[in-house]
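Enquirer: need a 3D model of the sequence below.
(one chain, ligands or ions: 1)
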Amino acid sequence: MHLVGAGPGDPELLTLKALRLLREADVIVHDHLVAEAILALIPATTRRVFVGKKGGGFCCPQHRIEETLVELARQGLNVVRLKGGDPFIFGRGGEELEALAAAGIPCSVVPGVTSAFGAAAEAGIPLTHRRLASGVVFLTGHEEPGKAESAVPWEEYARMGATLCVYMGMKNLEPITRRLLAGGLSAETPAAVVQAATTPGQRVWTSSLGRIAREAEEGGFTAPAIVIIGEVVGLAELLSSRAAAELALP
Ligand code: SAH
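Expert: Numbers count the residues shown, from 1 in each chain. The predicted structure is shown next:
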């Protein structure tokens, strides 16, 4: 059993190891975040098990995915669990490994290019910078439904002097930016949204913390997208002017 990161979309961002394992697998278990161009690399004869679709369609509960992995491995098959980006960044890869360990099934992990790295590279944003950002933080903008209080202390992250990369943040972008402003970040702090990074559908928008939520909504930005906030985003100027011309916001 191998837990493999597929990267953000561009098949050339797969690792050589991921590609080899895809070619050797008996069965590949994947979800909607794995790009079509990557699925196209799977040999036609390899069995595929699809475990989730976006947009309120069929969505396999997490425990079912874990049971499926255990069942397939117990059949003696060479199983690849393929996940978008890196399996350990907001991919629930940790939970799947726990389930496999509990069932006594050994599993190797192959890291992937996480989508924040794909987004930053495409937008021309160095996530750390000697003068501008002493660190980088990966945050989730999606809270467990039903959670009364947000578990992410946004105000504290606002004070860290780090670049903030927000995954799954599109639905909550307005309250997220409001809390970062409340934490002391300036409304002029540069911010960018990168949708479908490294895929043919990629869109980039750069703006400021004060405006990004409204502009992303007006521009029709939707998941999957990464929001990057911090002074380093100001270095993406050249690319953002091209993105602005493409998007032509009213
Ligand atoms: N394990 C994945 C993240 C899974 S959580 C990784 O390392 O990238 C799902 C979120 O990832 C999406 O809501 C979005 O925020 C982000 N994402 C995944 N693919 C993306 C892409 N191609 N472009 C931008 N964001 C992406």
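Enquirer: near the ligand, which residues of the chain show up?
Expert: For the chain, the contact set with the ligand under C-beta under 6 Å from any ligand atom comprises 8-9, 33, 83-86, 89-91, 114-115, 118-119, 167-168, 194, 196-199, 223-226. No exception for glycine: its C-beta is placed from N, CA and C like everyone else's.
Enquirer: which of those are buried?
Expert: 8-9, 33, 83-86, 89-91, 114-115, 118-119, 167-168, 194, 196-199, 223-226 (16 or more other C-beta atoms under 10 Å).
Enquirer: of these, which belong to helices?
Expert: Ser115, Gly118, Ala119 (DSSP state H).
Enquirer: can you put the residues you listed in TSV and add pLDDT?
Expert: Below are those laid out as TSV (pLDDT from 0 to 100):
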residue	pLDDT
Ser115	98
Gly118	97
Ala119	97
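Enquirer: how does this protein divide up, domain by domain?
Expert: 2-110, 115-239 (automatic domain parsing).
Enquirer: got the contact list for whatever residue of the chain ends up closest to the ligand?
Expert: When scored by C-beta to the nearest ligand atom, the chain has Gly85 as its residue closest to the ligand, at 1.9 Å. By C-beta atoms under 8 Å, 6 or more residues apart in numbering, the residues touching Gly85 are Gly5, Ala6, Gly7, Pro8, Leu33, Gly91, Gly112, Val113, Thr114, Ser115, Gly118.
Enquirer: got the end-to-end distance for stretch 181-196?
Expert: End-to-end distance for stretch 181-196: 26 Å, by C-alpha to C-alpha, to the nearest Å.
Enquirer: quick check: buried residues in that stretch?
Expert: Leu181, Leu185, Thr189, Pro190, Ala191, Ala192, Val193, Val194, Gln195, Ala196.
Enquirer: and if you look at stretch 91-109?
Expert: For stretch 91-109, the neighbour count (16+ other C-beta under 10 Å) marks Gly91, Gly93, Glu96, Leu97, Ala99, Leu100, Ile105, Cys107, Val109 as buried.
Enquirer: in helices, which of these fall?
Expert: Per DSSP H, the buried residues of stretch 91-109 map to helices at Gly93, Glu96, Leu97, Ala99, Leu100.
Enquirer: closest to Val204 out of these?
Expert: Gly93 (27.2 Å; C-beta to C-beta).
Enquirer: can you tell me the closest non-neighbouring residue to that closest one?
Expert: Closest residue in space to Gly93, ignoring its immediate chain neighbours: Pro87 at 3.4 Å, by C-beta to C-beta, 6 or more residues apart in numbering.
Enquirer: just checking, Ala191 is part of a strand?
Expert: Yes: with DSSP: H, G, I helix; E, B strand; the rest coil as the criterion, Ala191 is part of a strand.
Enquirer: where does the nearest residue to Gly5 once chain neighbours are set aside sit, in terms of helix or strand?
Expert: Of all residues not flanking Gly5 in the chain, Gly112 sits nearest, at 1.8 Å (C-beta to C-beta, 6+ apart). Here Gly112 is covered by no helix or strand, with elements defined by DSSP states H and E.
Enquirer: show me what contacts Gly112?
Expert: Gly112 touches 4-7, 13-15, 18, 83-87, counting by C-beta under 8 Å, 6+ apart.
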